[in-house]
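>>> Predicted model and sequence below, questions to follow.
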Amino acid sequence: MAAERSVKQITSKGDDFDRWYVDVVRRAELADYTPVKGCMVIRPYGYALWERTRDALDGMIKRTGHENMYFPLLIPESYLTKEAQHVEGFAPEVFWVTQGGDRVLEERLAIRPTSETIICSLYADWIHSWRDLPVLINQWCNVARWEKRTRLFLRTAEFLWQEGHTFHATDDEAAAEVETMLDCYRELSEEWLAIPVIKGRKTESEKFAGARYTLSIEAMMSDGWALQSGTSHHLGQNFTTAYGISYSDRENTRQHPFQTSWGLSTRIIGGLIMAHGDDAGLVIPPRVAPIQVVVVPITHSNDEDAARLVEEACIRLEREAATEVRLRVDRREGMRPGEKFAHWELRGVPLRITVGAKDLADGNVTLVRRVDGEQSAVALEGLGSRLQGLLDEAQKVTRARAQRLLDERSVDVGSLEELVAAFAEQPVFASGPFCNRPECEVTVKGAVHAVTVRNLRADRTPDGAPCIACGQPAGHVALIARAY
RNA sequence: CGGGAAGUAGCUCAGCCAGGUUAGAGUGCACGGUUCGGGACCGUGAGGUCGGGAGUUCGAAUCUCCCCUUCCCGACCA
């Protein structure tokens, strides 16, 4: 049955994945294009999804000891340009404000592409002593980057994110922070968004501009492509030196603190869509679903008694579920049940309860799980209190399905030939021993169309195997994939 | 930013090559009715500066030029 549930308005996933993605985003009313080039509008349903994701991550950020604050949107050019690599990396994508009202500004202002520079400039005045460390802060904000190509949620000129920034007395403490926050991203992705990820370290060519190193989580989309879903950077003393941040340690010696930054953006919503969605539309994991349960009453205009019983059952569900579950009864008139089913499937609501006279005669309602279409007749009695458990189950099934996809499309390779063979049929996640020299990265990229080294896996070691590109002893296992 | 495609009703598109009454279809929308366990049907109605600008012409959705936007493939990137 599930296979026949095609949706009128959206392209089939198998026919054209990119069109499918855009169709789902727009038809499910998550987001849309705007008259502003490169900028999207996030519509209420999409924003609700972001809010749930954001709140989950915000809880983790606070749990790990960070506080939220807010920095200016505009950054003076002289502040932006102090860290050489950073400027070089971001300069091509900065928006510049050159005028205020009718006055040309003496110094251009950048619209923040990220806030390390303004934050360092301010903290240079606020950090004086080892007692001032660590500084553990975060901000939720918008940033702007002049991107050449727009993809809703995945790449827009303006996007929403959080950026965490910390300063530490020791290198090790900063390194631990980078790991801690990457693990928060992993937890958000796996436990909330039901997307398994692979943690690892970025290669030199892929790391954040100005960082000593960058860690990332990489998720597999259902077409086998990778999506970098969160990054955590160890900035060493690069910025603190450039921006003159120093403090007196316990021995009264001047020191530059060690710094980290880490970010996760609305891009993750794109990942959620591409990881779980199907030909009927979105599939939203219950923990972040704006609406977790939709109730569709089946009423007959020529049978008032039945209609009354159906409405009573709906009211009962609303009352019993109200406190713990986000449930909505779809009472829209003049719309046939099938149309409502399609409507909510497109929007990815995890559970649907159909309430009709036929089932009610036996004290039952029909329950359908979005992720796999599993359908069952369940007793109305006590259902409200069982919903949370059913949602937890749906969350698990969604996660397991994504894990299965990742497992099925992951391949270990021991040579370039095997790498080429791995991608012959379809995009995969290939893992192979890698020496991490820039020349070898170029070789790997050139071996298969559009692949990149996503990261050096944190969970694997090469065990003395030779690098797939040069044959020298490999120190890492590289995750190689095509990426969004 | 390079290569390709496309912009006509909310959406999907036809009409354009061979310029000519009042620009069409399906779907969606509004109202009425029959219906109602997978996008049902009948009727009525609203809805368009044909992406924008300039030009050619008696006359432009249609021909010419410029611009804008979107999609796809690259390069760049969260």
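Good, I have the coordinates.

>>> Please determine whether stretch A:338-345 lies in contact with RNA strand B.
Yes - counting by CB under 7 Å from any atom of the strand, RNA strand B has neighbours in stretch A:338-345: A:338-339, A:341-343, A:345. The way it works is simple: take the backbone N, C-alpha and C, and place the C-beta from them, glycine included.

>>> Just the buried subset of those residues, written out for PyMOL, thanks.
Only the buried entries of these go into this PyMOL selection, using 16 or more other CB atoms under 10 Å:
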select buried, chain A and resi 341+342+343+345
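
>>> Tabulate the residues of stretch A:338-345 next to RNA strand B in JSON lines, adding columns for secondary structure and pLDDT.
As requested, those are exported to JSON lines (DSSP: H, G, I helix; E, B strand; the rest coil; pLDDT from 0 to 100):
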{"residue": "A:Gly338", "secondary structure": "helix", "pLDDT": "93"}
{"residue": "A:Glu339", "secondary structure": "helix", "pLDDT": "93"}
{"residue": "A:Phe341", "secondary structure": "helix", "pLDDT": "95"}
{"residue": "A:Ala342", "secondary structure": "helix", "pLDDT": "93"}
{"residue": "A:His343", "secondary structure": "helix", "pLDDT": "93"}
{"residue": "A:Glu345", "secondary structure": "helix", "pLDDT": "94"}
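
>>> and which of the residues of stretch A:338-345 next to RNA strand B is nearest RNA strand B?
A:Gly338 (2.4 Å; CB to the nearest atom of the strand).

>>> about what we covered before: reformat the residues of stretch A:338-345 next to RNA strand B as TSV; add distance to A:Glu439.
As requested, the residues of stretch A:338-345 next to RNA strand B are exported to TSV (distance: CB to CB, whole Å):
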residue	distance to A:Glu439
A:Gly338	59
A:Glu339	58
A:Phe341	55
A:Ala342	53
A:His343	54
A:Glu345	49
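
>>> which residues of the stretch 1-150 of chain A score low on pLDDT?
A:1-9 (pLDDT under 70).

>>> give me that answer again for 90
Low-confidence segments of the stretch 1-150 of chain A (pLDDT under 90): A:1-23, A:26-27, A:31-41, A:80-104, A:145-150.

>>> Just say helix, strand or coil for A:Cys440.
In three-state terms, and counting by DSSP: H, G, I helix; E, B strand; the rest coil, A:Cys440 is helix.

>>> From RNA strand B, how far off is it?
17 Å (CB to the nearest atom of the strand, to the nearest Å).

>>> give me every residue that touches that residue.
If you count contacts by CB atoms under 8 Å, 6 or more residues apart in numbering, A:Cys440 has them with A:434, A:467, A:469-470.

>>> just A:Ala394 next, same as before
So A:Ala394 contacts A:285-286, A:350-351, A:369-371 (CB under 8 Å, 6+ apart).

>>> tell me which element it is part of?
helix A:383-408 (DSSP states H and E).

>>> next one: that helix to chain centre, how far?
19 Å (CA atoms, centre = their mean, to the nearest Å).

>>> Listing request: residues of the stretch 251-400 of chain A with sub-threshold pLDDT.
A:299-305, A:321-324, A:333-334.

>>> could you pull out the helices for it?
According to DSSP state H, counting those that start in this stretch, the stretch 251-400 of chain A carries its helices in the segments A:267-276, A:304-321, A:337-346, A:357-360, A:383-408.

>>> Buried deepest among these, which one?
Stretch with highest mean neighbour count among the helices of the stretch 251-400 of chain A: helix A:267-276 (a mean of 26; mean count of other CB atoms under 10 Å).

>>> Give me the contacts around that helix.
Against helix A:267-276 from outside (CB under 8 Å, 6+ apart): A:21, A:24-25, A:30, A:46, A:49-50, A:53, A:151-155, A:159, A:188-189, A:193-195, A:219-223, A:225, A:227, A:229-230, A:282-285, A:288, A:348, A:371, A:398, A:401-402, A:484.

>>> List, out of those residues, those positioned next to RNA strand B.
Residues of those in contact with RNA strand B (CB under 7 Å from any atom of the strand): A:21, A:151-152, A:154-155, A:159, A:230, A:484.

>>> Neighbour-wise, which one of those leads?
A:Gly230 (28 neighbours; other CB atoms under 10 Å).

>>> Contacts only, for that one.
A:182, A:185-186, A:188-189, A:216-217, A:262-264, A:268.

>>> Out of these, which sit inside strands?
Counting by DSSP state E, the part of those found in strands is A:216-217, A:262-264.

>>> nearest to A:Glu333, of those?
Of all those, A:Leu264 has the smallest distance to A:Glu333: 41.5 Å, by CB to CB.

>>> and the closest residue to the closest one other than its chain neighbours, what helix or strand is that in?
Take A:Leu264 and drop its neighbours on the chain: the residue closest to it by CB to CB, 6 or more residues apart in numbering is A:Gly230, 4.3 Å away. Using DSSP H and E, A:Gly230 sits within strand A:226-236.

>>> Please save the CA atoms from that strand in PDB.
Provided in PDB are the C-alpha atoms of strand A:226-236 (Å, rounded to 0.1, in the frame of the first residue of the first chain):
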ATOM      1  CA  ALA A 226      26.800  13.200   2.800                       C
ATOM      2  CA  LEU A 227      25.700  16.200   4.700                       C
ATOM      3  CA  GLN A 228      28.100  17.900   7.100                       C
ATOM      4  CA  SER A 229      25.700  18.500  10.000                       C
ATOM      5  CA  GLY A 230      27.700  20.300  12.600                       C
ATOM      6  CA  THR A 231      31.300  21.400  13.100                       C
ATOM      7  CA  SER A 232      33.400  22.000  16.200                       C
ATOM      8  CA  HIS A 233      36.700  23.900  15.800                       C
ATOM      9  CA  HIS A 234      39.900  24.100  17.900                       C
ATOM     10  CA  LEU A 235      41.200  27.500  17.200                       C
ATOM     11  CA  GLY A 236      44.300  27.100  19.300                       C
END
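
>>> which parts of the stretch 301-450 of chain A sit against RNA strand B?
A:301-302, A:334, A:336-339, A:341-343, A:345-346, A:352, A:354-360, A:365-366, A:368, A:449-450.

>>> and the stretch 151-300 of chain A, which residues reach RNA strand B?
Counting by CB under 7 Å from any atom of the strand, the residues of the stretch 151-300 of chain A that sit close to RNA strand B are A:151-152, A:154-157, A:159, A:161, A:208, A:216, A:228, A:230-231, A:263, A:265-267, A:280, A:298-300.

>>> residue of the stretch 351-484 of chain A with the smallest distance to RNA strand B?
For the stretch 351-484 of chain A, CB to the nearest atom of the strand, closest residue to RNA strand B: A:Gly356, 2.1 Å.

>>> Please name the nearest non-neighbouring residue to that residue.
Closest to A:Gly356 by CB to CB, 6+ apart is A:Ile298, at 3.5 Å.

>>> Hmm, A:Gly338 and that neighbour touching each other?
No - using CB atoms under 8 Å, A:Ile298 is not in contact with A:Gly338, being 10.5 Å away.

>>> Could I get the contacting residues of the nearest residue to A:Gly224 once chain neighbours are set aside?
With sequence-adjacent residues excluded and distances taken as CB to CB, 6+ apart, A:Gly224 is closest to A:Pro427, at 3.5 Å. By CB under 8 Å, 6+ apart, the contact set of A:Pro427 is A:223-225, A:409, A:481-482.

>>> A:Arg108 too?
Contact analysis of A:Arg108 by CB under 8 Å, 6+ apart lists A:76-77, A:96-98.
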